[in-house]
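Participant: From the sequence below, what's the structure:
(one chain, ligands or ions: 1)
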Amino acid sequence: LEQPPPDLPVQPTKVKRLCKTHNSITVNGQFPGPTLEVNNGDTLVIHVVNKARYNVTIHWHGVRQMTTAWADGPEFITQCPIRPGGSYTYKFTISGQEGTLWWHAHSSWLRATVYGAIIIHPKAGDSYPFLKPKRDTVIALGEWWDANPIDVIREATRTGAAPNVSDAYTMNGQPGDLYKCSSKDTIIVPVDSGETNLIRVINSALNQQLFFTIANHKLTVVGADASYVKPFTTSVLMLGPGQTTDVLIKADQPPARYYIVARAYASAQGAPFDNTTTTAILEYKTASCQAKCKTSKPIMPRLPAYNDTATATAFTTSFRSPRKVDVPTEIDENLFITAGLGINQCPPKTRARNCQGPNGTRFTASMNNVSFVLPSNFSLLQAHHQGVRGVFTTDFPAKPPVRFDYTGNVSRSLWQPTRGTKVYRLKYGSRVQIVLQGTNIFTAENHPIHLHGYDFYILAEGFGNFNPKTDTAKFNLVDPPLRNTVSLPVKGWAVIRFVADNPGVWIMHCHLDVHIGWGLATVFLVDNGVGPMQQLEQPPPDLPVC
Ligand code: C2O
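Facilitator: A predicted model of the protein is given here:
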């Protein structure tokens with residue numbers, strides 16, 4: 001007899017943080033939501049039931065979703081939202097991925113509280129490429145607002161201003177003991193002297209790259225975005241929203257309590273950001289420490305300054321695949337995509353109070369000067385599958401409309417992108433290179449660029465304008481890391497490659513949610529191939545339609 005799949009209810013739940021009780025949207029009444037623990041090769045069937053008063057969808061961030069784009073989750077891209085009272089069964093298989101991913105709401109700003117970890121163990125009988133750790137701990141970094149996050153983004157969308165920054169960073173939903181009313185709920189991570197533990201760090205913050213460190217302990221990085229990496233040792237991690245990093249730590253310090261801390265890496269000049277620090281405590285369980293440790297003040301690490309781009313870059317460029325990999329050497333599609341902010345004039349006759357961006361404008365953002373507009377009455381995948389016209393156009397440009405000094409002083413005439421639901425069409429199996437180029441339009445910032453439905457190799461990254469003559473020599477075609485999110489350096493570039501072997505409609509966007517709303521996204525439409533694993537499956541019967 002077939003068992004019905006387990007329910008994941010999305011529902012309002014009382015959550016107390018920073019001295020106040022909120023009615024937050026959670027999954028299963030838990031904040032953060034439940035951790036899904038699976039093996040490589042498992043098929044997951046998850047019945048999401050919407051018991052909240054908002055539309056919702058769930059995205060399984062980093063899961064490749066081979067031929068199952070219907071289960072990917074971004075609202076109006078691969079499905080219409082699950083309406084209040086509705087439900088949808090996500091079904092997909094984890095194939096060839098091991099390590100840490102996560103799931104989150106992909107609808108407005110619901111993911112502030114609707115998220116959780118996905119732990120992917122090796123197949124039964126397979127082993128890790130490192131000694132099996134004694135303990136396995138998830139630390140999901142997040143952001144907390146004293147207000148309802150949906151109200152924060154609605155208000156900003158109405159006025160065109162930047163939304164309020166968060167009131168706290170969190171680890172597994174807890175701000176930690178440096179914040180008011182948070183001390184007794186600070187997360188404790190236990191260790192025994194001498195053991196080596198795995199810590200899975202996820203940046204699930206909405207809008208902030210974060211530094212992460214543990215006092216006096218070396219971090220040996222062994223994985224990222226559910227791919228293993230050549231191990232390297234560091235004292236500081238930097239994760240953009242969307243990224244995961246698996247580290248081994250050896251409990252080789254005198255038994256005591258050590259702070260685990262995270263704080264902003266804020267690359268934008270002059271932009272406001274949350275400058276607070278979230279903490280958890282690494283606590284030695286060793287007998288000699290028990291009494292003393294419970295009461296002793298944890299040891300505080302040194303963290304890089306909020307604007308320490310050198311440390312952030314040193315970390316993000318340390319990644320290698322564990323061995324030689326199969327990077328496409330020939331290229332069928334060579335794209336050059338700019339990513340950055342901008343501003344738009346307010347519609348004529350808008351009253352000033354409805355236009356509170358810089359100097360009476362509205363904030364916007366774009367790729368190749370196109371500010372992406374989500375459809376509102378159809379999903380792109382459905383429109384593509386049924387051949388419905390008028391929902392999107394296939395004229396997303398392969399390069400910016402004009403060449404300019406991307407990272408210099410950008411002329412004001414370039415500050416206003418056009419708006420549209422433009423996609424870029426890729427033939428099944430084409431070998432794709434994308435040069436991502438950050439711009440200095442309005443202001444420059446590090447953008448965590450995430451591609452759905454694919455992992456890609458990061459061949460190189462650097463600062464300034466990408467120069468095809470000299471920068472191609474820097475490409476790592478031997479052992480580049482495989483990721484689903486790349487930290488595009490502030491006023492810099494990154495080059496990625498992948499083979500378009502997953503049919504469907506896939507969004508690529510900045511994972512700072514404030515930038516998605518401003519249009520920092522584009523979409524790839526990948527045609528079907530002819531073989532059996534080369535075609536998009538039929539839509540599930542309960543797919544939410546608009
Ligand atoms: Cu984790 Cu489209 O996102």
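Participant: Quick check: chain neighbours aside, which residue is closest to residue 537?
Facilitator: residue 67 (5.3 Å; C-beta to C-beta, 6 or more residues apart in numbering). C-beta here means a position set from N, CA and C on the backbone, and glycine is covered the same way.
Participant: Would you mind measuring from the one you found to residue 523?
Facilitator: Note on residue 67: its distance to residue 523, by C-beta to C-beta, to the nearest Å, is 18 Å.
Participant: The two: which is more packed in?
Facilitator: Counted by other C-beta atoms under 10 Å, residue 67 and residue 523 do not tie: residue 523 has more neighbours, with 25 against 21.
Participant: Any idea what the more buried one is bridged to?
Facilitator: Beta bridges link residue 523 to residue 423, residue 507, judged by DSSP bridges.
Participant: is it true that it touches residue 505?
Facilitator: Yes. Assessed by C-beta atoms under 8 Å, residue 523 is found in contact with residue 505 at 6.0 Å.
Participant: Quick check: neighbours shared by these two?
Facilitator: Common contacts of residue 523 and residue 505 (C-beta atoms under 8 Å, 6 or more residues apart in numbering): 77, 380, 423.
Participant: Which one of those is nearest to the ligand?
Facilitator: Set against the ligand, the nearest of these by C-beta to the nearest ligand atom is residue 77 (8.2 Å).
Participant: returning to what we had before: for the residue nearest to residue 537, give its distance to residue 436.
Facilitator: 27 Å.
Participant: and the helix or strand of the chain at the bottom of the mean pLDDT ranking, how far out from the chain's middle?
Facilitator: Within the chain, no helix or strand scores below helix 290-295, which has a mean of 73 by mean pLDDT, DSSP states H and E. In terms of C-alpha atoms, centre = their mean, to the nearest Å, the gap separating the centre of helix 290-295 from the centre of its chain is 37 Å.
Participant: Following element in sequence after it, please.
Facilitator: helix 309-316 (DSSP states H and E).
Participant: got the CA coordinates for that following helix in CSV?
Facilitator: Extracted in CSV, the C-alpha atoms of helix 309-316 (Å, rounded to 0.1, in the frame of the first residue of the first chain):
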residue,chain,number,x,y,z
THR,A,309,36.9,42.7,0.7
ALA,A,310,40.4,41.2,0.7
THR,A,311,39.5,38.6,3.3
ALA,A,312,36.2,37.8,1.6
THR,A,313,37.9,37.4,-1.8
ALA,A,314,40.8,35.3,-0.4
PHE,A,315,38.2,32.9,0.9
THR,A,316,35.9,32.7,-2.1
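Participant: What is that helix packed up against?
Facilitator: strand 209-214, strand 236-239 (3 or more C-beta pairs under 8 Å, 6 or more residues apart in numbering; DSSP states H and E).
Participant: which other residues reach the longest one?
Facilitator: Spelled out, it's strand 209-214. 139, 141, 169, 201, 203, 219, 235-241, 245, 249, 258-267, 282, 301-304, 308, 311-312, 446, 448, 487.
Participant: hmm, which of these are the buried ones?
Facilitator: In the contacts of strand 209-214, burial by neighbour count holds for 139, 141, 169, 201, 203, 219, 235-241, 245, 249, 258-267, 282, 301, 303-304, 308, 311-312, 446, 448, 487, counting by 16 or more other C-beta atoms under 10 Å.
Participant: and the gap between the residue nearest to residue 537 and residue 531?
Facilitator: From residue 67 to residue 531 the distance is 10 Å (C-beta to C-beta).
Participant: what phi and what psi does the backbone show at the residue nearest to residue 307 when sequence neighbours are not counted?
Facilitator: In this structure, residue 307 finds its nearest non-sequential neighbour in residue 266, 6.2 Å apart by C-beta to C-beta, 6+ apart. Note on residue 266: its backbone torsions stand at phi -110, psi 100 [degrees, to the nearest 10].
Participant: check which helix or strand covers the residue nearest to residue 205 when sequence neighbours are not counted.
Facilitator: In this structure, residue 205 finds its nearest non-sequential neighbour in residue 143, 4.5 Å apart by C-beta to C-beta, 6+ apart. Assigned by DSSP H and E, residue 143 belongs to strand 136-144.
Participant: What of residue 153?
Facilitator: helix 149-159.
Participant: hmm, who's touching that helix?
Facilitator: Against helix 149-159 from outside (C-beta under 8 Å, 6+ apart): 54, 108-110, 112-113, 145, 162-164, 206, 353-357, 513-514, 517.
Participant: And stretch 460-479, by the same measure?
Facilitator: 230, 313, 316-317, 320-325, 327, 329, 336, 405-407, 435, 437, 459, 486-489, 491-495.
Participant: contacting residues around the nearest residue to residue 362 once chain neighbours are set aside?
Facilitator: Among residues not flanking residue 362 along the chain, residue 160 sits closest, at 2.9 Å (C-beta to C-beta, 6+ apart). Applying C-beta under 8 Å, 6+ apart to residue 160 gives the contacts 344, 346, 354-357, 361-363.
Participant: Scan those residues and report the most crowded one.
Facilitator: Ranking the contacts of residue 160 using other C-beta under 10 Å puts residue 363 first, with 24 neighbours.
Participant: all strands of the stretch 401-546 of the chain, in order?
Facilitator: Secondary structure of the stretch 401-546 of the chain (DSSP state E, counting those that start in this stretch): strands at 418-420, 423-426, 431-438, 447-451, 456-463, 482-483, 485-488, 492-499, 504-510, 521-526.
Participant: Switch those strands over to a markdown table; also include distance to residue 271 and mean pLDDT.
Facilitator: Output for the strands of the stretch 401-546 of the chain, formatted as a markdown table (distance: least, C-beta to C-beta, whole Å; pLDDT from 0 to 100):
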| stretch | distance to residue 271 | mean pLDDT |
| --- | --- | --- |
| strand 418-420 | 23 | 96 |
| strand 423-426 | 29 | 98 |
| strand 431-438 | 15 | 98 |
| strand 447-451 | 13 | 98 |
| strand 456-463 | 19 | 98 |
| strand 482-483 | 25 | 98 |
| strand 485-488 | 16 | 98 |
| strand 492-499 | 17 | 98 |
| strand 504-510 | 14 | 98 |
| strand 521-526 | 20 | 98 |
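Participant: between the ones you listed, which gets nearest to residue 546?
Facilitator: With C-beta to C-beta as the measure, strand 504-510 is the member of these nearest residue 546 (15.1 Å).
Participant: ok, and what's touching the closest one?
Facilitator: Contacts for strand 504-510 (C-beta under 8 Å, 6+ apart): 65, 67, 69, 72, 74, 77-78, 339, 365, 367, 372, 380-381, 384, 423, 447-454, 515-516, 520-526, 536.
Participant: what about 7 Å?
Facilitator: 69, 74, 77-78, 339, 380-381, 384, 447-454, 516, 520-526, 536 (C-beta atoms under 7 Å, 6 or more residues apart in numbering).
Participant: what does stretch 113-127 give?
Facilitator: Contacts of stretch 113-127 (C-beta under 7 Å, 6+ apart): 10, 24-27, 31-41, 60, 94, 97-105, 128, 138, 140, 200, 202, 204, 226.
Participant: All good on my end, thank you.
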